[in-house]
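Chemist: Here is a sequence with its predicted model. Questions after.
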Amino acid sequence: MRGDADSPVILHVPHSATAIPAAVRAGILLGDRALDAELDRITDAHTARLAALAAAQCHSSPWQFVNRLSRLVVDPERFPDEREQMLAVGMGAVYTRTTHGDALRPPDFDPAPLLESYFHPYARAMSEVVADRLAVTGRAVIIDVHSYPTRRLPYELHGDAPRPAICLGVDEFHTPPELTALAESVFADFGERGINTPFVGTYVPLDRYGIDSRVSALMIEIRRDSYMTEPGGVPGPGLERLARALSGLVEALA
């Protein structure tokens, strides 16, 4: 969704959707009930609504880049190759295992068609938005909006780490200290904040990753009990409070 022409801020929401095209669903081994349960666990429910509510409160409207398909189609935030550490648990750019380690796709599944049809077009589109913001404003600020469950899921590589109400994912190259400090201040009323715990890093398009300091980025991981009933339930009043805080962050960056 387009924002104001002079806004450098992009609210990126990659994991909020549950939609799976029929042709992709046919390649998933889970029955309907098991798939629904997996979607409840893996989906960052209501984060698209959170971004929309925050954007509506801003004087300078940020841009919103929202994935309309489930991350069980492709996960646009993974590396599409051997650089991805989540391959170790079958959850690279195309998942082959569930959050509990069960088979999601057949052992001989070829991820190439899904990467070609979904992953690469998504990456190109996000790169175009970032390039446009750089051309118009001279900078781009990606705020990566996520949520995570209160209790560890078996797939998590760093699940033994603390699980604060707000996890801020930072990157050494793309997250300036002042951006981290601003986010810590904005979300101070939500309880404990953590840096890169239990999830690490943030999203930057690969064509800018590690080479263009004009692109700054921060991941915001919200523990789900802060705003919703788990797993996959309705949002509570915490969603409105979070939207106000997120809008404050966007306004400060505009």
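Modeler: Nice, thanks for sending it over.

Chemist: hey, let's count contacts and neighbours off CA atoms from now on
Modeler: Will do.

Chemist: so residue 86 makes contact with residue 94?
Modeler: No. In this structure, residue 86 is not within contact of residue 94 by C-alpha atoms under 8 Å, at 10.3 Å.

Chemist: what about those two, which has more around it?
Modeler: Taking other C-alpha atoms under 10 Å, residue 86 and residue 94 do not tie; residue 94 has more neighbours (25 against 17).

Chemist: contacting residues around that one?
Modeler: 72, 73, 74, 75, 111, 114, 115 (C-alpha atoms under 8 Å, 6 or more residues apart in numbering).

Chemist: Now, of these, which are buried?
Modeler: 72, 73, 74, 75, 111, 115 (16 or more other C-alpha atoms under 10 Å).

Chemist: Including pLDDT, could these go into JSON lines?
Modeler: What follows is those, written out as JSON lines (pLDDT from 0 to 100):
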{"residue": "72", "pLDDT": "98"}
{"residue": "73", "pLDDT": "98"}
{"residue": "74", "pLDDT": "98"}
{"residue": "75", "pLDDT": "98"}
{"residue": "111", "pLDDT": "97"}
{"residue": "115", "pLDDT": "98"}
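
Chemist: Closest one to residue 167 out of those residues, please.
Modeler: residue 75 (19.8 Å; C-alpha to C-alpha).

Chemist: is it true that that closest one lies in a helix?
Modeler: No. Read with DSSP: H, G, I helix; E, B strand; the rest coil, residue 75 is coil and lies in no helix.

Chemist: residues in contact with it?
Modeler: 14, 15, 92, 93, 94, 95, 119.

Chemist: Can you classify the residue of the chain positioned farthest from its centre by secondary structure?
Modeler: Of all residues in the chain, residue 108 has its C-alpha farthest from the mean position, at 28.3 Å, by C-alpha atoms, centre = their mean. The three-state label given to residue 108 by three-state DSSP is coil.

Chemist: now the strands: where do they sit in the stretch 151-254 of the chain?
Modeler: Secondary structure of the stretch 151-254 of the chain (DSSP state E, counting those that start in this stretch): strands located at 166-169, 193-195, 215-223.

Chemist: Mind checking these for the one nearest to residue 251?
Modeler: Short answer: strand 215-223, nearest of these by C-alpha to C-alpha, at 15.0 Å.

Chemist: what's next to that closest one, contact-wise?
Modeler: Under the criterion C-alpha under 8 Å, 6+ apart, residues 130, 139-150, 163-171, 174-176, 179-180, 199, 201-204, 208 lie in contact with strand 215-223.

Chemist: Show me which of these are buried.
Modeler: By neighbour count, with 16+ other C-alpha under 10 Å, the contacts of strand 215-223 hold 130, 139-150, 163-171, 174-175, 179-180, 199, 201-204 as buried.

Chemist: Tell me how far residue 99 lies from residue 86.
Modeler: Relative to residue 86, residue 99 is positioned 11 Å away (C-alpha to C-alpha, to the nearest Å).

Chemist: cool, and residue 197?
Modeler: Distance from residue 197 to residue 86, by C-alpha to C-alpha: 16 Å.

Chemist: Also residue 25?
Modeler: Distance from residue 25 to residue 86, by C-alpha to C-alpha: 22 Å.

Chemist: cool, residue 62 as well?
Modeler: 31 Å.

Chemist: From the contacts of strand 215-223, which land in helices?
Modeler: 130, 179, 180 (DSSP state H).

Chemist: Nearest to residue 5 among those?
Modeler: Using C-alpha to C-alpha, the ones in helices among the contacts of strand 215-223 come closest to residue 5 at residue 130, 12.7 Å.

Chemist: who does the residue nearest to the closest one when sequence neighbours are not counted bridge with?
Modeler: In space, not counting the residues next to it along the chain, residue 130 is nearest to residue 140; the distance is 6.1 Å by C-alpha to C-alpha, 6 or more residues apart in numbering. Assessed by DSSP bridges, residue 140 has beta-bridge partners residue 215.

Chemist: Show the contacting residues for residue 140.
Modeler: For residue 140, the contact set (C-alpha under 8 Å, 6+ apart) comprises 8, 9, 10, 130, 133, 134, 214, 215, 216.

Chemist: Alright, calling it a day.
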